[in-house]
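Participant: what follows is a predicted structure for the sequence shown.
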Amino acid sequence: MSTISTSSRGPVNAPDESSAPDPLAAADELGRSLGSPRTEPAADPQLEALALAVSANLPVLLWGEPGIGKSAGLRQLATGLGVPLETVIASVHEPSDFAGLPIIGDDPAATGVPMAPPDWAVRLAASGRGIVFFDELSSAPPAVQAALLRVVLERRVGSLALPEPVRVVAAANPPSSAADGWHLSPPLANRFVHLRWTHDPRTVARGMAGTWPAVPVPVVDPARVSSAVARARGTISGFLTARPGLAHHLPGDAESRGLAWPSPRTWEMALRLLAVGYATGAGQKAVAAALVGAVGDGAGLELLNYLENLDLPDPDRVLADPDAFALPARGDRQLAFLTAVVSAVQSDLTRRRWEAGWTVLAKAVEAGVPDVAARAAADLAALRDTDWPVPTGIDAFLDLLQLSGALPAGS
């Protein structure tokens, strides 16, 4: 009969492995403490420009070298806005990941073949708000860039429409420093506000000490909306009237076509950025960076110079007391101002404001520039309610308005 013996050299009571301390727990705790820095209010125009464009619900593209903090800035903005952030590495996806995957149902001839969206799009749609971040965009091949066109402009992923509160942000490295980098196609580039992302050594040094600048979240003041929209419309319309050659200019070289350049689409983006800037009281440097990022360096710098010398009166204040203002002396300022006045009337249309608009236009006639007011007069006449009588200030424009059909003959 055999017996089983235990060697005296072996452990009598083996330790319970489940109770042993996790050798990585302390290291992970240390990492979490390093990854939870404080933030402080600080002037950072590039962060403010990013927040401004996101608030304006315009697609934003951050250009910067690898490791410079593009993703970190966006994570901080998403936290400040209280919205989820979905990161999609564009360079490792197929075109079907953005155009949708075909799912065949029971009767395709009757119901068609829907294009199923990927999981990140479904999560954003379920949340109802958020930011989708397309990283490494300049490493995505042309076929993937083409599939992204509809996502960026129309917010559609396959058969799924993303909710309006979902914002689109992308990041790219310059082709010289991107892995297998490509220039962006002109149609895709023209859909973004392009922001150059740089670093400030002093900010980095303070961040290593545990404190980073907070991303300012611009808040639209409802009381400013009407005036902000009117001023922005007057400014952009007046500028393009003075510089019609900048309404659309496709650059000649591939690298420039992959950046910001002026087109009717990007001027509409500039209009929205300027209006949001006025309505939020955003900093001048941030608004300037966003405007240049929409229409490009050449057109953007000309626009900034125009803005610097424009100084339009608040159209809502003028409409409240039209007899108390003086018409600007310069022709381009006159046109921009009168356009802003008509836009302000349109945004809050009442008989009193409409008649005040004619008082403003009459001052242009008295100043000897009826030709400057002619277009504004036609737009203002088109806003007339048929029950409103024709005001006396319209007399100087009767022939023009009747000829254009804006006012019936005999009115």
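Facilitator: Perfect, thanks for sending it. Numbering: from 1, shown residues only.
Participant: could you pull out the strands for the stretch 201-350 of the chain?
Facilitator: Along the stretch 201-350 of the chain, the segments classed as strands by DSSP state E, counting those that start in this stretch run 211-213.
Participant: what are the ranges of the helices in it?
Facilitator: Here the stretch 201-350 of the chain has its helices, by DSSP state H, counting those that start in this stretch, at 201-208, 225-242, 254-257, 264-280, 284-295, 297-308, 315-320, 331-347.
Participant: out of these, which comes closest to Asp371?
Facilitator: Closest to Asp371 of the helices of the stretch 201-350 of the chain is helix 331-347 (C-beta to C-beta; 9.4 Å). (C-beta placed from N, C-alpha, C; glycine too.)
Participant: contacts for the following helix or strand past that closest one next, please.
Facilitator: Note on helix 331-347: by DSSP states H and E, the next helix or strand toward the C-terminus is helix 351-366. Contacts to helix 351-366, defined as C-beta atoms under 8 Å, 6 or more residues apart in numbering, come from residues 318-320, 322-323, 325, 327, 334, 338, 341-342, 344-345, 370, 372-373, 376-377, 380, 383-385, 388, 391-394, 396-397.
Participant: ok, 6 Å please
Facilitator: Helix 351-366 is contacted from outside by 319, 322, 327, 341, 345, 372-373, 377, 380, 388, 391, 393-394, 396, using C-beta atoms under 6 Å, 6 or more residues apart in numbering.
Participant: what angle separates it from helix 331-347?
Facilitator: Put simply, helix 351-366 runs at 160 degrees to helix 331-347, going by axes from the mean of the first three to the mean of the last three C-alpha atoms, to 10 degrees.
Participant: before we move on, back to that, among the contacts of helix 351-366, name the buried ones.
Facilitator: 319, 322, 327, 341, 345, 372-373, 377, 380, 391, 393-394, 396 (16 or more other C-beta atoms under 10 Å).
Participant: reformat those residues into JSON lines and put distance to Met208 and pLDDT next to each item.
Facilitator: Putting the buried ones among the contacts of helix 351-366 into JSON lines (distance: C-beta to C-beta, whole Å; pLDDT from 0 to 100) gives the following:
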{"residue": "Leu319", "distance to Met208": "53", "pLDDT": "91"}
{"residue": "Pro322", "distance to Met208": "58", "pLDDT": "87"}
{"residue": "Leu327", "distance to Met208": "56", "pLDDT": "82"}
{"residue": "Val341", "distance to Met208": "52", "pLDDT": "91"}
{"residue": "Val345", "distance to Met208": "54", "pLDDT": "92"}
{"residue": "Val372", "distance to Met208": "57", "pLDDT": "76"}
{"residue": "Ala373", "distance to Met208": "59", "pLDDT": "79"}
{"residue": "Ala377", "distance to Met208": "61", "pLDDT": "85"}
{"residue": "Leu380", "distance to Met208": "59", "pLDDT": "88"}
{"residue": "Pro391", "distance to Met208": "66", "pLDDT": "77"}
{"residue": "Gly393", "distance to Met208": "64", "pLDDT": "65"}
{"residue": "Ile394", "distance to Met208": "67", "pLDDT": "70"}
{"residue": "Ala396", "distance to Met208": "67", "pLDDT": "68"}
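Participant: pLDDT value on Phe337, please?
Facilitator: Phe337 carries a pLDDT value of 88.
Participant: burial measure for it, as a count.
Facilitator: Counted with other C-beta atoms under 10 Å, residues neighbouring Phe337 total 28.
Participant: isn't it up against Asp314?
Facilitator: No: if you go by C-beta atoms under 6 Å, Phe337 and Asp314 don't touch, sitting 10.4 Å apart.
Participant: ok, the spatially closest residue to Asp297 that is not a sequence neighbour - contacts?
Facilitator: Nearest non-adjacent residue to Asp297, counting by C-beta to C-beta, 6 or more residues apart in numbering: Ala260, 7.7 Å away. Listed by C-beta under 6 Å, 6+ apart, the contact partners of Ala260 are 194, 293, 296.
Participant: against Asp119, how distant is the second one?
Facilitator: Right, Gly293. Distance from Gly293 to Asp119, counting by C-beta to C-beta, to the nearest Å: 31 Å.
Participant: same check on the first one?
Facilitator: Separation of His194 from Asp119 (C-beta to C-beta) stands at 29 Å.
Participant: give me the more crowded residue out of the two.
Facilitator: Between His194 and Asp119, His194 has the larger neighbour count (other C-beta under 10 Å), namely 27 against 8.
Participant: does the more buried one touch Gly293 like I think?
Facilitator: Yes: at 4.5 Å, His194 counts as touching Gly293 under the criterion of C-beta under 6 Å.
Participant: on that earlier part again, dihedrals phi and psi, the residue nearest to Asp297?
Facilitator: Main-chain dihedrals, Ala260, degrees, to the nearest 10: phi -80, psi 140.
Participant: got a pLDDT number for it?
Facilitator: With respect to pLDDT, Ala260 has a value of 95.
Participant: and if you look at Ala409?
Facilitator: The confidence metric pLDDT takes the value 54 at Ala409.
Participant: shaky segments in the stretch 151-300 of the chain?
Facilitator: Scanning the stretch 151-300 of the chain with the threshold set as pLDDT under 70 gives 175-181.
Participant: again, but for the stretch 301-411 of the chain
Facilitator: Residue ranges of the stretch 301-411 of the chain with pLDDT under 70: 393, 395-396, 398-411.
Participant: try 50 this time
Facilitator: Counting by pLDDT under 50, the stretch 301-411 of the chain shows low-confidence ranges at 404.
Participant: state the distance from Ala242 to Pro165.
Facilitator: The spacing between Ala242 and Pro165, counted by C-beta to C-beta, is 36 Å.
Participant: er, Leu338 actually
Facilitator: Applying C-beta to C-beta to Leu338 and Pro165 gives a distance of 35 Å.
Participant: okay, these two: which has more neighbours?
Facilitator: Neighbour count, other C-beta under 10 Å: between Leu338 and Pro165, Leu338 has more, with 30 against 14.
Participant: just give the number of residues close to Val166.
Facilitator: Neighbour number of Val166 under other C-beta under 10 Å is 21.
Participant: which residues touch it?
Facilitator: Counted by C-beta under 6 Å, 6+ apart, Val166 has contacts 124, 130.
Participant: for it, phi and psi?
Facilitator: phi -80, psi 120.
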